[in-house]
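Participant: no sequence on hand, only this structure:
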């Protein structure tokens, strides 16, 4: 199950923190009108699109960017994976 655990903004930047409780849980494919960053905070996640995997990430990795109108989703590779999306407020 996907849970939004925190949502806040600061100085024009919005943050949304999600937890994917089980391996295989997903944030479904979607798109935005703006660029945003995603950072893995716990566990391991995989960004994907309709064609397949895009990138895997752990907390040791730098945030990665999704450009505006790029369809994408996030999948948990382990239970308890947590990630934050960072975007214009």
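Facilitator: That came through fine. Since we're looking at a predicted model, the values are computed, not measured.
Participant: what sits against the residue nearest the centre of the chain?
Facilitator: For the chain, the residue sitting closest to the mean C-alpha position, by CA atoms, centre = their mean, is residue 38 at 4.7 Å. With contacts taken as CB atoms under 8 Å, 6 or more residues apart in numbering, residue 38 has the following neighbours: 45, 47, 57, 63-64, 66, 74, 83-86. Just so you know, the C-beta spots here come from the backbone N, C-alpha and C atoms, and that holds for glycine as well.
Participant: mind checking the SS state of it?
Facilitator: Put simply, residue 38 is strand when judged by DSSP: H, G, I helix; E, B strand; the rest coil.
Participant: that one bridge partners, please.
Facilitator: When bridges are assigned using DSSP bridges, the partners listed for residue 38 are residue 64, residue 85.
Participant: residue 42 and residue 72, how far apart?
Facilitator: As defined by CB to CB, to the nearest Å, residue 42 lies at a distance of 20 Å from residue 72.
Participant: more neighbours: which of these two?
Facilitator: residue 72 (20 against 14; other CB atoms under 10 Å).
Participant: what bridges to that one?
Facilitator: Note on residue 72: beta-bridge partners by DSSP bridges are residue 30.
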